[in-house]
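*Asks:* pasting the sequence and the predicted model now:
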Amino acid sequence: MKKAEKDFIVQGISTDKKTWYTFPDECKDLTLHTILSSKKQISNATVAIRNINGYRTIAIKLDDDIKRTYFDEVDNVCFQEFPLEEYVFTSNVKTIDLQKFELEERIKKLEQQLKIENSNQEVKLHRIEKDFILEKFEKKQHEPTEWLHRFEQECNRFQIHADNLKIQALRFFILGTAKDWYETNQKKIGFTASWNEWKDSFLNVFVDKGWSIVRKAFSYKYLGGSLIDYALVKEKLCLEVECKGSEASRINQIVFGLPNEAQEELDREEITTLDKLYTALRKLEDTFSRKRNEKPLNPNLNKKYTCAPNKKNDSQRKPCSFCSTLGFPNRYHLVTECRNKQMAAEKLKTNITECSTNASDLEILNIDIDNKNLN
């Protein structure tokens, strides 16, 4: 028995499952076989195959009603007094037919499942821009390796595993030059390429292979504001440089960027995790801010500086005698800080040697040099 488009049909009957007697097309409708329809086994079979368009081979007891309906006086198989066509099924033919039927059923189920998955994937791609917890990539603001790792994590979270879907999803989260790269790559290798090819291309183009990002991460220090905000930014920079770095290394980097006054308030033996560090910084926040207001971090801020004398007071100052000796007049700085002191002394010794027979050194040079300054 088999499920047709609108009703059930009876293909044939057999007494030994080897020799089958098939009904003509006009006699296959189950409604014509009232004796069979009244049997419980047939009713159960129709319920079982109603929704799957399948078939069943059903064994029922050969009672008197069935004999009168499907057999004549000499036990020939017939229906409505017409003899039925005899057909002998070999085991191979039957096995092939069953395998073919099972394969067709499997294909139908897979096609239905594929349609459902495709519709779900279209919905996912339509919604991911809102659902993904991910900033759009900009070359100057994000570290490519770390950003792409977060993108893959979001794809896994929303069960986007197919390569072509990942490639299509990527276009929703790139800006600027990255968008130009995407359009160029689409023309070069297309959506049929694997995700690894797109990933390698992305990293080759945007990863900074220099040391600038390392310098930025390790030289970043606390200059003011919230200690927690500083620690969060510092940790983010460290993760961009060493995404697989140890937690202890990040703790050391964060503390190293704090002022000495803040470092002294933190117990290194107690702070073994980042959570404990953030807790300690939160407790230190108010106390440290109050101390900074009372006493500036830079003690030079308390010093009083006087303005440099203007040009009207230049007459009260004397130009550097060493610079004047070397032909650089009007240089006003302390003689003790002059960088030309040694050069002027050597020139003075030379002039003294040449003119020692005529006059004293000071009269020839006509300059006022303090002997102490020469030392």
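*Replies:* On my side now, so go ahead.

*Asks:* going forward, measure contacts between C-alpha atoms and count neighbours the same way
*Replies:* Will do.

*Asks:* and the nearest residue to residue 259 once chain neighbours are set aside, what are its phi and psi?
*Replies:* By the measure of C-alpha to C-alpha, 6 or more residues apart in numbering, the closest residue to residue 259 outside its immediate chain neighbours is residue 222, 6.9 Å from it. Phi and psi for residue 222, reported as degrees, to the nearest 10, are phi -80, psi 130.

*Asks:* surely residue 222 and residue 230 touch.
*Replies:* Yes: the criterion here is C-alpha atoms under 8 Å, and residue 222 meets it with residue 230 at 6.2 Å.

*Asks:* show me the contacts for the residue nearest to residue 259.
*Replies:* If a contact means C-alpha atoms under 8 Å, 6 or more residues apart in numbering, then residue 222 has 230, 257-259 as its contacts.

*Asks:* how far away is it from residue 201?
*Replies:* Noted for residue 222: a distance of 36 Å to residue 201, by C-alpha to C-alpha, to the nearest Å.

*Asks:* coming back round to it: for residue 277, see how far away the residue nearest to residue 259 is.
*Replies:* For residue 222 relative to residue 277 (C-alpha to C-alpha), the value is 15 Å.

*Asks:* now do residue 344
*Replies:* According to C-alpha to C-alpha, residue 344 and residue 277 sit 59 Å apart.

*Asks:* hang on, residue 70 packs against residue 77?
*Replies:* Yes: with contact defined as C-alpha under 8 Å, residue 70 counts as touching residue 77 (5.7 Å).

*Asks:* between the two, who's got more neighbours?
*Replies:* Ranked by neighbour count (other C-alpha atoms under 10 Å), residue 70 and residue 77 place residue 77 first, with 23 against 19.

*Asks:* what pairs with that one across the strands?
*Replies:* Counting by DSSP bridges, residue 77 forms beta bridges with residue 71.

*Asks:* residue contacts, it?
*Replies:* Contacts of residue 77 by C-alpha under 8 Å, 6+ apart are 21, 70-71, 83-84.

*Asks:* can you give me the buried ones in the strand or helix carrying residue 145?
*Replies:* According to DSSP states H and E, residue 145 maps onto helix 144-157. Neighbour counts over helix 144-157 (16 or more other C-alpha atoms under 10 Å) mark 144-145, 147-148, 151, 154-155 as buried.

*Asks:* which strands and helices sit next to it?
*Replies:* With contacts taken as 3 or more C-alpha pairs under 8 Å, 6 or more residues apart in numbering; DSSP states H and E, helix 144-157 sits against helix 195-206, helix 227-241.

*Asks:* of all the ones you listed, which one is nearest residue 214?
*Replies:* helix 227-241 (6.2 Å; C-alpha to C-alpha).

*Asks:* now do the buried residues in the helix or strand that the closest one is followed by.
*Replies:* For helix 227-241, the following helix or strand on the C-terminal side (DSSP H and E) is helix 247-256. Buried residues in helix 247-256, counted by 16+ other C-alpha under 10 Å: 250-251, 253-256.
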